[in-house]
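[1] my questions are about this predicted structure, shown below with the sequence.
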Amino acid sequence: MTRSKAVDKGHGRVRELGSMFMVSPSKHRVALGLISLALLGVGVWVWFRGADGLPSRKYNNSERLSLARLKAVHEDVEKLQKTRQVRPMPTGWKDYRCIFHAHAEDSAHTGGTLPEMLADAKKAGVSAIFLSDHFRPPRDFIEGRWRGLKEGVLFVPGSEVGGFLVHPMKSILEKMNLTGSEFVKAVTPGDGMIFLSHIEERPDYPMDGLTGLEIYNRHWDAKRDISSMLTLALKLTDPDALSDLQEAVRLYPDELIAFQCDYPQTYLEKWDSGTRTQQLTGVAANDCHHNQVLVVKMVDAETVLLGTIVDQEDQMRKITARFRPGIRRMTQGKKPGDILARVDLDPYHRSFKNVSTHVLAPTLDEAALRTAVKAGHVYVGHDWMCDPTGFNFEAVTGAGKSIAGMGDEVMLVDGLRLAATFPVAPYVRLLKHGEEISTSDGKADFLFDLQTAGVYRLEAWLRLDGELRPWILSNPIYVR
Ligand SMILES: [Zn+2]
Ligand SMILES: [Zn+2]
């Protein structure tokens, strides 16, 4: 694996600390370092209250992290699994679980490799991975990268660059200095695709000419949850709390990696305003790097370094027994340089199950997937909660004939209805232009009589441990 130090200098920056982690304000990297990993925290639900129609949270992130809560969530996931029914797909279509925004062997802060990604894709039932190499000139992100089927998993090369995920048809290395609409034009010939990424950093960016945008990004949940980092640091520097954390990883790994997951309001607002005037495909940003492997390394009997496997020692946090007396028990019988703890939170297969982009297409090949994604035949699913395969959202005539699916345009006619099917019975919200207009609860089928034109999308939520949590985000049907 190659790593570029120069490009990634500054990630996971460490500072001497007395009482807590401090976070350098540099955006993406901050999210990736201890922070994102830090997958922990409290109080991110302020915005959640008062937003129209949204189910409110019962537990904050800190509470969700406890073994008791993780266990309760896990038990409900198992119950859902038992009620799951296979729903037929529309003729000619298959549901391919795909991963957008995926990193391997592309930076110093990426821990995972392509072979590892392939093995984990098979493990998680992933059909295709759209790679998002951090752009490191002069290295090309198309030429020489994995492309096509490998042992049944389709790889499509691409890059995360300048706030976009780009998947041109062929190398555009000589055009990478272009900006704005010129850059969009360089990416999109043929079935080239470009998505706006990390929406929280560019909520006002114009959407003209773009294929779509991320409608969920795992890192956003972590980035706005700074306090979780402290919780994590505390857990890693006390033997009893550490064994609880290790137990959580062993028994409830999917629940643990999902504990911060929230409704992606900022992302959906951008999408809902954009689809008023143009068709935009919403995809999930997995943003996996397999770098959230926490390590505690002994300095001396009174001191440890805390960081991740991608951190150099000078990027790790120094923590002393004066602040965390439990450190003395951890260093007992060990010698300087020993790894006292190693907690792997985000192997690829776990990230993949956390969130994926389901693409409805006739066959598993690059051309078919590009066509389907560009057409918006796509939905986002948090698969760890329950496999959403079999979900469908369409427009049907009064006679029950399907005439449009997700991403499609359809003319409003008498008797036209929106219909959805689910493999389990969720809580459903139907939104028109981002406003909730109908809900249902506990039914595996959803029907809505259309009276007016507009852009309609649907959300399904599942009840886990007494809380409704977002499960499926459909792409819209455009009723003209
Ligand atoms: Zn990265
Ligand atoms: Zn990324």
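    Received the coordinates, thanks. Ligands and ions are numbered 1, 2, ... in the order given.
[2] which parts of the stretch 351-480 of the chain are helices?
    For the stretch 351-480 of the chain, the helices defined by DSSP state H, counting those that start in this stretch occupy 366-374.
[3] can you pull out the helices in the stretch 1-150 of the chain?
    Counting by DSSP H, counting those that start in this stretch, the stretch 1-150 of the chain has helices at residues 5-8, 27-32, 34-37, 61-64, 67-83, 114-124.
[4] any idea how far the residue lying farthest from the centre of the chain is from ligand 2?
    The C-alpha centroid of the chain is most remote from Gly333, which lies 40.7 Å away (Cα atoms, centre = their mean). Gly333 sits 40 Å away from ligand 2, going by Cβ to the ion, to the nearest Å. The way it works is simple: take the backbone N, C-alpha and C, and place the C-beta from them, glycine included.
[5] tell me the secondary structure at that residue.
    coil (DSSP: H, G, I helix; E, B strand; the rest coil).
[6] list the residues that contact it.
    Gly333 sits next to no residue when contact means Cβ atoms under 8 Å, 6 or more residues apart in numbering.
[7] tell me, which of the helices of the stretch 1-150 of the chain is the model least confident about?
    Of all these, mean pLDDT reaches its minimum on helix 5-8 (a mean of 31).
[8] so who does Leu236 touch?
    Shown in contact with Leu236 (Cβ under 8 Å, 6+ apart): 242, 245, 294, 296, 306, 341, 343.
[9] report the two of the residues you listed separated the most.
    Between any two of the contacts of Leu236, the greatest separation by Cβ to Cβ is 12.7 Å, found for Leu245 and Leu306.
[10] quick one: the strands in the stretch 351-480 of the chain?
    With strands called from DSSP state E, counting those that start in this stretch, the stretch 351-480 of the chain shows them at 356-361, 378-381, 392-396, 402-405, 409-410, 417-421, 427-432, 435-441, 445-449, 454-464, 467-474, 477-479.
[11] can you name every helix or strand that the shortest one contacts?
    Translated: strand 409-410. Counting contacts by 3 or more Cβ pairs under 8 Å, 6 or more residues apart in numbering; DSSP states H and E, strand 409-410 is packed against strand 477-479.
[12] got the residues of this structure near ligand 2?
    For the chain, the residues in contact with ligand 2 (Cβ under 5 Å from the ion) are 160, 287.
[13] any low-confidence regions in the chain?
    For the chain, the stretches with pLDDT under 70 are 1-52.
[14] now Leu468: closest residue in space, sequence neighbours ignored.
    Computed as Cβ to Cβ, 6 or more residues apart in numbering, the closest residue to Leu468 that is not its neighbour in sequence is Pro55, at 3.8 Å.
[15] give the burial count for the one you found, as a bare number.
    Counted with other Cβ atoms under 10 Å, residues neighbouring Pro55 total 17.
[16] touching, it and Val428? I think so.
    No - Pro55 is not in contact with Val428 according to Cβ atoms under 8 Å; the separation is 11.5 Å.
[17] mind listing the shared neighbours of the two?
    With Cβ under 8 Å, 6+ apart, Pro55 and Val428 have common neighbours Trp461.
[18] mean neighbour count added to the strands of the stretch 351-480 of the chain, as CSV?
    Output for the strands of the stretch 351-480 of the chain, formatted as CSV (neighbours: other Cβ atoms under 10 Å):
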stretch, mean neighbour count
strand 356-361, 26
strand 378-381, 27
strand 392-396, 22
strand 402-405, 16
strand 409-410, 18
strand 417-421, 18
strand 427-432, 21
strand 435-441, 14
strand 445-449, 15
strand 454-464, 23
strand 467-474, 23
strand 477-479, 22
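[19] let's have those strands in JSON lines, adding distance to Ser62.
    Shown next, in JSON lines, are these (distance: least, Cβ to Cβ, whole Å):
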{"stretch": "strand 356-361", "distance to Ser62": "27"}
{"stretch": "strand 378-381", "distance to Ser62": "26"}
{"stretch": "strand 392-396", "distance to Ser62": "35"}
{"stretch": "strand 402-405", "distance to Ser62": "41"}
{"stretch": "strand 409-410", "distance to Ser62": "45"}
{"stretch": "strand 417-421", "distance to Ser62": "34"}
{"stretch": "strand 427-432", "distance to Ser62": "25"}
{"stretch": "strand 435-441", "distance to Ser62": "28"}
{"stretch": "strand 445-449", "distance to Ser62": "34"}
{"stretch": "strand 454-464", "distance to Ser62": "17"}
{"stretch": "strand 467-474", "distance to Ser62": "14"}
{"stretch": "strand 477-479", "distance to Ser62": "39"}
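[20] helix, strand or coil for Leu230?
    Assignment for Leu230 (three-state DSSP): helix.
[21] same check on Glu269?
    Going by three-state DSSP: Glu269 is helix.
[22] which one of the residues in the stretch 301-450 of the chain is closest to ligand 2?
    Relative to ligand 2, the nearest point of the stretch 301-450 of the chain is Ser351 (11.6 Å; Cβ to the ion).
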